[in-house]
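Asker: Below is the sequence, then the predicted model.
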Amino acid sequence: MSGEREIPAEDSIKVVCRFRPLNDSEEKAGSKFIVKFPSGPEENCISIAGKVYLFDKVFKPNATQEKVYNEAAKSIVSDVLAGYNGTIFAYGQTSSGKTHTMEGVIGDPAKQGIIPRIVNDIFNHIYAMEENLEFHIKVSYFEIYMDKIRDLLDVSKVNLSVHEDKNRVPYVKGATERFVSSPEEVFEAIEEGKSNRHIAVTNMNEHSSRSHSVFLINVKQENLENQKKLSGKLYLVDLAGSEKVSKTGAEGTVLDEAKNINKSLSALGNVISALADGNKTHIPYRDSKLTRILQESLGGNARTTIVICCSPASFNEAETKSTLEFGKRAKTVKNVVCVNEELTAEEWKRRYEKEKEKVARLKGKLEKLETELARWRAGEQVKIEEQVNLNEEASTPVNTLEESTTTIKDLGPVPATPALMIASTMSSEERQKLEQEREKLYQQLDEKDEEINQHSQIIEKLKEQMLEQDELIAATRKDYEALQAEMNRIQQENENAKEEVKEVLQALEELAVNYDQKSQEVDAKNKEMESLSEELMQKQASLNSTSSELQQLKDMSTHQKKRITEMLANLLKELGEIGTTIGGEGPELKVSNDASKLEEEFTVARLYISRMKTEVTNLITRLHEIEGSQQDSNRKVTEYEKELSECRLLISQHEARMKSLQESMREAENKKRSLEESIDALREECAKLKAAEQVQSVSESEKKEAAQLRAALEQQMDQLRDAHQKQVAALRDEIAEKQSLINDIKDSNQKLLLAQQQLQSDYDKLKAEESEKSNKLQELIATNERREQARKDLKGLEDTVAKELQTLHNLRKLFVQDLQARIKKAMTSDDNEEDGGSLAQKQKISFLENNLDQLTKVHKQLVRDNADLRCELPKLEKRLRATMERVKALESALKEAKEGAMRDRKRYQYEVDRIKEAVRQKNLARRGPIPQIAKPIRAGQQHHPSITTGGRAINAAQSIPKSLDDQKRALVVGAKE
Ligand code: ADP
Ligand code: MG
């Protein structure tokens, strides 16, 4: 296989064109279908507005996904598996069907696009291949946005750089390579990448229209028998929308973004134009990362298919045309493709031998040519038959030069013949120098790239930090604003409180001033009052003096009256005498004369009567009360008497008993006496008998009798003694008993006596109390009476005074009249004067009294005001204190709020750090072991070929160490890179 494909082939880039159907919005907008397809069977041209475009294939809107795949992409699968590089990319404006074509609906057999179909096909091919082939499939997935490469399988890699490998093939350095062993794993990776893409952006549609997504499948295979290794890279690219900026209506950053995207797309266009132009030696691959990645696919070592997607709507005509132009240009680009083969030592040896042979051959030829040249130079004519056949030999060295892919790559896409020419004109030293220089320059370029990458990463980090800082600043600003607002509010409140305090203070001051004024007023009034009262006193004194004068006058008048009455009486008497002498009407006169006096007396008598009446009623009530209390005490007395009589009865009983006992004692005494008497008698008899015995002792006969008698007597005596003794004992007992009884009784008697005494004393006490109480009662009655009396007296007195005043007035009138009648006019004028003076005085007094009243009223009012103010003062103070406290509380609240904000910020920071850490950990955990795991695919096996299953155990066992080897190699390569 390698032998046949050793020679690189020149392939044009394949360009297919796909038109999608009119979509709903286009139909609604009334857009027309402006594309015309040829009616014949050939499907490779279209025409728009009369202009015809030719492509390798044109798909009509109704072309199925399967058809597109089969006719545009399927061949690539076998190429990749044969060790070729491949690229498929979709170009076109947004919503022209690029994603639909490349991805479609993964998992839907009808709607799935090129990528899933290719993946499935690759695995199916592998399963159908020879068993001694081992496959290693890795996939990478990244997007290019604003000329930055973001790894979609590892979100932490946001700005990857493009490097060149040892064969000068650009590749994305550090991109995650996931080993896969089944289509499902590939789809999983795609899903993961897509979800990561979704996480990073807010509007997916917009984002996907501005970014290029690149899916890379790397297939390595090894023939286990001859160790031949082949590798093929397949880039599947969904480009950003190719539309012009104006159409999207982008502004600001979005405009920048669009420019940047268009920059990479225009770089792509420039590269294609440069390639299409054939004469240009410089291809601006390095203008953008996209073109660098696609360097091999455009004019390099890759079989490339471009799917240009277009809208058939009239609305999009301009875009469609520019897309078609792009396709047309791309169509002219030629790629130089060859198999990527890793040669074994034997192969190298073989090639070396071949080269040696070739060199020998060439040397021989050179010699021949030299000799021919020498002959020519010598002026010899060499015959055509003798001449060396240059045409025949020339093709061979070219082939040999192009045989190694590395050489071709070194030279780039520049045609081989000029290179040869340059090589032949240059000395080998110069060439080496140039080579070295170029090497150095490339190295520098890479270094710069690396630097740029680092810088951009730093920039990214800084940007992130800046964003964070911005956020923080915004948060703090918000906090600050909130705090400011709070502070303002508090200040406002404070201000208000201050105002209030001021007001309160003002009010207090006012009050104090008022109070001072009032107190001054009061003082003034007091002074006034004092002066007035002094005046009053003076007036009073003058009044007193005048009243005493009046009294004197009255006395005088009474005296005069008396005299007058006397005179009258005398006159009357004289008249009476005259009457008697004449026999007239004396008594009548008397009656009329005494009428006023009688009235007076009568009133006095009435007064007395009324006084007595009240006295009597009072006395009666007192009496009733006293009777009640007497009854009570009587009752008590009777009770006590009853008790006393009972006690007396008891005493008499006891006395009677005592008497009876004394009698019985006496009886016992008598008995005792009688018995003693009988004893005495018996003793006497005994003595007599003894005497008789003595007498009779003479006669013995008598002796006997005497003895007998004596015995009898003695017997009798003994008996008597016994009885006596017994009796005595009984009597003594009885006496003792009685004695004790007597003692008892005496005791009880004593007790009773004591009790009686007690009772007596109690009785006495009660009596004393009663008497005391009655005395008190009497006193009270007396005082009450007196009071009543006094009251009545007062009333009476008032009445009488009034009456007397009246009578006095009358009398005075009478007197005046009398005086007028009798005495000279001088007296009357005096009287009048006095009257006038008293009236004026009265008026003045009443005026003063009025004044005094008013003053007292004012004084009272002031006192009340003062009290009110005093009451209000603590309230105001309280308010003041409350406001102070409020201010303090607000200040503390402010402080707290500030602290809280600080704390919140810290917490937030901590939280953010924690989350970041967690995300990082998670990411680490998720793709910890993956990059190192190689998942070799063995041809001829179904899914999971590396896992031991039944009969294929040996192969699997062999494959494992291989895969480990591969891992090591991969690691080594990674380290080198
Ligand atoms: P792009 O990726 O170019 O922005 P999409 O692939 O997202 O555009 O396509 C836009 C819409 O048009 C999608 O809803 C898609 O399903 C639909 N569409 C695109 N091409 C076709 C087609 N050939 N047939 C049917 N529908 C299509
Ligand atoms: Mg898209």
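Answerer: Looks like it came in fine. Ligands and ions are numbered 1, 2, ... in the order given.

Asker: Flag the shaky bits of the stretch 151-300 of the chain, pLDDT-wise.
Answerer: Where the stretch 151-300 of the chain drops to pLDDT under 70, the residues are 244-262.

Asker: Report the secondary structure state of Val382.
Answerer: coil (DSSP: H, G, I helix; E, B strand; the rest coil).

Asker: Please report how far it lies from Ala345.
Answerer: Val382 sits 45 Å away from Ala345, taking CB to CB, to the nearest Å as the criterion. C-beta here means a position set from N, CA and C on the backbone, and glycine is covered the same way.

Asker: Contact partners for Met658?
Answerer: Applying CB atoms under 8 Å, 6 or more residues apart in numbering to Met658 gives the contacts Ile742, Ile745.

Asker: returning to that earlier point: neighbour-wise, which of Val382 and Ala345 wins?
Answerer: Val382 (13 against 8; other CB atoms under 10 Å).

Asker: What residues does the more buried one make contact with?
Answerer: Glu372, Arg375, Trp376.

Asker: Quick check: closest non-adjacent residue to the last one.
Answerer: So the one you mean is Trp376. In this structure, Trp376 finds its nearest non-sequential neighbour in Val382, 6.2 Å apart by CB to CB, 6 or more residues apart in numbering.

Asker: Same question for the second one.
Answerer: Among residues not flanking Arg375 along the chain, Val382 sits closest, at 5.4 Å (CB to CB, 6+ apart).

Asker: Give the phi and psi angles for the one you found, as a check.
Answerer: phi -90, psi 130 (degrees, to the nearest 10).

Asker: what's the distance between it and ligand 1?
Answerer: 67 Å (CB to the nearest ligand atom, to the nearest Å).

Asker: Tell me the predicted confidence for that residue.
Answerer: Model confidence at Val382, given as pLDDT, is 78.

Asker: Repeat that for the one 3 residues further on.
Answerer: You'll see Glu385 listed with a pLDDT of 77.

Asker: try His859
Answerer: 83.

Asker: In what element of secondary structure is it found?
Answerer: helix 825-926 (DSSP states H and E).

Asker: how much space is there between the residue of the chain found nearest ligand 1 and Cys17?
Answerer: As assessed by CB to the nearest ligand atom, ligand 1 sits closest to Gly97 within the chain, at 2.7 Å. Gly97 sits 11 Å away from Cys17, taking CB to CB as the criterion.

Asker: Might one say that Val501 is in contact with Ala882?
Answerer: No. Using CB atoms under 8 Å, Val501 is not in contact with Ala882; the gap is 10.4 Å.

Asker: Of those two, give the one with the bigger neighbour count.
Answerer: Val501 (16 against 12).

Asker: picking that back up, pick out whichever of the contacts of Val382 sits closest to Ser311.
Answerer: Among the contacts of Val382, Glu372 lies closest to Ser311 (CB to CB), at 66.3 Å.

Asker: now that closest one: how far from Gly30?
Answerer: If you go by CB to CB, the gap between Glu372 and Gly30 works out to 79 Å.

Asker: Neighbour count for those two, which is higher?
Answerer: A direct count of neighbours by other CB under 10 Å for Glu372 and Gly30 places Glu372 higher, at 15 against 9.

Asker: Can you list the neighbours in contact with stretch 758-776?
Answerer: Against stretch 758-776 from outside (CB under 8 Å, 6+ apart): Ile626, Ser629, Ser633, Lys636, Val637, Tyr640, Glu643, Leu644, Cys647.
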